[in-house]
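> can you look at this prediction? I've put the sequence above it.
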Amino acid sequence: MCCQKPHITLSQALVDQAELLAVMLDLSIRDATNGRGSLDDLVRTLNDELTGRRGFTTADIEPLAGKVSGRSMAPSLTAASVGPARST
């Protein structure tokens, strides 16, 4: 029992990926704003601008993350959404 790999469900894998994306966005925004902005600012902006909508997509997040950070977050979001390149 001590050496068995834990069973990870698809939903847990998605939660883990979302956590990593949130940390990456927070660090990117903090870096771009010299610590004046953070993921909290992005979440407030998403709430303010997308109120009344159910859910949002990467296409919704990209421009608002750019607005909060002052620079394009498209490359980071694309890499996080697609994952690392795989060799064939």
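Nice, thanks for sending it over. Residues are numbered from 1 along each chain as shown.
> any low-confidence regions in the chain?
1-6, 79-88 (pLDDT under 70).
> in it, which residue is most central in space?
When Cα atoms, centre = their mean is applied to the chain, the residue found nearest the centroid is Leu21 (3.3 Å).
> Gly52: neighbouring residues, count only.
Counted with other Cβ atoms under 10 Å, residues neighbouring Gly52 total 4. C-beta coordinates here come from the backbone N, C-alpha and C atoms, glycine included.
> any idea where the helices of the protein begin and end?
10-32, 39-49, 58-69, 74-82 (DSSP state H).
> show me what the third one is packed up against.
It stands for helix 58-69. helix 10-32, helix 39-49, helix 74-82 (3 or more Cβ pairs under 8 Å, 6 or more residues apart in numbering; DSSP states H and E).
> quick one on the thing from earlier: so of the helices of the chain, which one's packed in deepest?
Mean neighbour count (mean count of other Cβ atoms under 10 Å) peaks for helix 58-69 among the helices of the chain, with a mean of 17.
> what's that helix in contact with?
25, 28-29, 32-33, 37, 41-42, 45-46, 49-50, 72-74, 77-78, 81 (Cβ atoms under 8 Å, 6 or more residues apart in numbering).
> now render the helices and strands packed on helix 58-69 as a markdown table, adding distance to Thr58.
Shown next, in a markdown table, are these (distance: least, Cβ to Cβ, whole Å):
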| stretch | distance to Thr58 |
| --- | --- |
| helix 10-32 | 10 |
| helix 39-49 | 12 |
| helix 74-82 | 5 |
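> against Ser69, how distant is Arg36?
10 Å (Cβ to Cβ, to the nearest Å).
> could you do Leu20 as well?
Distance, Leu20 to Ser69, using Cβ to Cβ: 18 Å.
> now swap in Ser11 and tell me
Taken as Cβ to Cβ, the span from Ser11 to Ser69 is 30 Å.
> ok, Thr9 next?
33 Å.
> now do Ala22
14 Å.
> likewise for Leu39?
Applying Cβ to Cβ to Leu39 and Ser69 gives a distance of 10 Å.
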